[in-house]
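Q: build the 3D model from these lines:
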Amino acid sequence: MDQQPVLSGSLGADLRALRKARGLTLADLSDRLGRSVGWLSQVERDLSEPSITDLRMIAKVLDVSVSMLFSHAPSPAAEAGYIVRAGARRPIGSSEAGLIEELLSPDLTDDFEMVHSTFQPKARITEFVTRLTQEVGYVVSGALSLDIGGRSFAVQPGDSFRIRGEPFRWSNPHDIPAVVIWVIAPPVY
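A: Residues are numbered from 1 along each chain as shown. A predicted model of the protein is given here:
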């Protein structure tokens, strides 16, 4: 029997936002999960808690990390939905080697999400990524090399950049981490 996980108070809303961002209906997702539409609807309305096995399946179908669906540090009731403390950020992303991503937004129910990305020294992706999003990044520290839509750029602290559904890839050819704040619309994690 699966042990029930400690979930964020916004699990259902986050799942609904992720499902919609991927263009899936309740029926589409329930089919892929092998579960009923009613069960999924109850999960999205926080009326039912999925098991760990269910969360693993949901994460796989929605292409997110299972850890993103867990709350690592509960927010005080007065701050829930408003404040994300530095020690309470949820890890997100693809777990690409050398990239650590954390959700800065309280949840995924807005038209955008904010992400704190740390690119480790010498980390890079070789394949281009294309997402149906608009993204803006701001370099906090370190430096990053970007290929966006066939053009190459080097960005440093204080620089910002935009990606509008174009193929892109990144690398940190330097000896120190690069920290970037991303705003992505619609939410994809």
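Q: so who does Gly137 touch?
A: Ser117, Val155, Ser160, Phe161, Arg162, Ile163, Val180, Ile181, Trp182, Val183 (C-beta atoms under 8 Å, 6 or more residues apart in numbering). Glycine gets a C-beta too; all of them are placed from N, C-alpha and C.
Q: make CSV out of those and add distance to Ile92.
A: Conversion of those to CSV gives the following (distance: C-beta to C-beta, whole Å):
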residue, distance to Ile92
Ser117, 10
Val155, 22
Ser160, 21
Phe161, 20
Arg162, 21
Ile163, 17
Val180, 14
Ile181, 14
Trp182, 11
Val183, 14
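Q: can you select the buried ones among those residues for me in ChimeraX?
A: The buried subset of the contacts of Gly137, as determined by 16 or more other C-beta atoms under 10 Å, is captured in ChimeraX by this line:
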select :117,155,161,163,180,182,183
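Q: quick one: which of the contacts of Gly137 is nearest Arg45?
A: Val183 (27.8 Å; C-beta to C-beta).
Q: in the chain, what helix or strand scores lowest on average pLDDT?
A: Within the chain, no helix or strand scores below strand 90-92, which has a mean of 81 by mean pLDDT, DSSP states H and E.
Q: partners of it in the sheet?
A: Using DSSP bridges, the strands paired with strand 90-92 are strand 99-103 (antiparallel).
Q: and the partner strand, what's its mean pLDDT?
A: Average pLDDT, strand 99-103: 90.
Q: next secondary structure after it?
A: Counting by DSSP states H and E, the element after strand 99-103 in chain order, helix or strand, is strand 113-119.
Q: what strands flank that following strand, and is each parallel or antiparallel?
A: strand 99-103 (antiparallel), strand 178-185 (antiparallel).
Q: export the ones you listed as a markdown table, with columns for distance to Thr109.
A: Shown next, in a markdown table, are those (distance: least, C-beta to C-beta, whole Å):
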| stretch | distance to Thr109 |
| --- | --- |
| strand 99-103 | 12 |
| strand 178-185 | 13 |
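Q: what about the strands in this protein?
A: Remark: strands assigned in the chain by DSSP state E are 90-92, 99-103, 113-119, 134-141, 144-148, 151-155, 160-164, 168-171, 178-185.
Q: any weak-confidence spans in the protein?
A: Residues of the chain meeting the criterion pLDDT under 70: 1-10, 67, 70-74, 94-96.
Q: redo that, cut-off 90
A: Low-confidence segments of the chain, defined by pLDDT under 90: 1-23, 45-56, 59-60, 62-98, 100, 103, 106-111, 131-132, 186-189.
Q: run through who's touching stretch 55-62.
A: Contacts of stretch 55-62 (C-beta under 8 Å, 6+ apart): 5, 15, 18-19, 22, 29, 32-34, 50, 65-66, 68-70.
Q: buried among these? Make that a PyMOL selection.
A: In PyMOL syntax, the buried subset of the contacts of stretch 55-62 is picked out as below (16+ other C-beta under 10 Å):
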select buried, resi 5+15+18+19+29+33+50+65+68+69+70
